[in-house]
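> No sequence on hand, only this structure:
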């Protein structure tokens, strides 16, 4: 694996988040459980991003791994 994350998909992952639940967003793009971490980053410089939902609502997690607002989508996928 390189220091450049793998593009998991060129669109966000909409997730109905549960209030108070903690999620770990995959930063490397190798997880088989996108957009969440499954440990595939082990042995690399990547670290999953911890997110605790403050309220129950839909969150849009970045799928392209290029967002400046990671772990959330900022539309960067439209420029890839």
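Structure received. Everything numeric in this text was worked out from a predicted model, so none of it was measured.
> what's the neighbour count on residue 30?
For residue 30, the neighbour count with other CB atoms under 10 Å is 19. To be clear about C-beta, it is placed using only N, CA and C from the backbone, and glycine gets the same treatment.
> Surely it is in contact with residue 40?
Yes - the criterion here is CB atoms under 8 Å, and residue 30 meets it with residue 40 at 3.8 Å.
> those strands in the chain, which residues are they?
Assigned by DSSP state E, the strands in the chain fall at 13-16, 22-25, 49-52, 58-61.
> and those as JSON lines, adding distance to residue 77, mean pLDDT and mean neighbour count?
Formatted as JSON lines, the strands of the chain follow (distance: least, CB to CB, whole Å; pLDDT from 0 to 100; neighbours: other CB atoms under 10 Å):
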{"stretch": "strand 13-16", "distance to residue 77": "11", "mean pLDDT": "98", "mean neighbour count": "14"}
{"stretch": "strand 22-25", "distance to residue 77": "15", "mean pLDDT": "98", "mean neighbour count": "17"}
{"stretch": "strand 49-52", "distance to residue 77": "17", "mean pLDDT": "98", "mean neighbour count": "14"}
{"stretch": "strand 58-61", "distance to residue 77": "11", "mean pLDDT": "98", "mean neighbour count": "16"}
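> possible to save the ones you listed as JSON lines with distance to residue 78?
Output for the strands of the chain, formatted as JSON lines (distance: least, CB to CB, whole Å):
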{"stretch": "strand 13-16", "distance to residue 78": "15"}
{"stretch": "strand 22-25", "distance to residue 78": "20"}
{"stretch": "strand 49-52", "distance to residue 78": "21"}
{"stretch": "strand 58-61", "distance to residue 78": "13"}
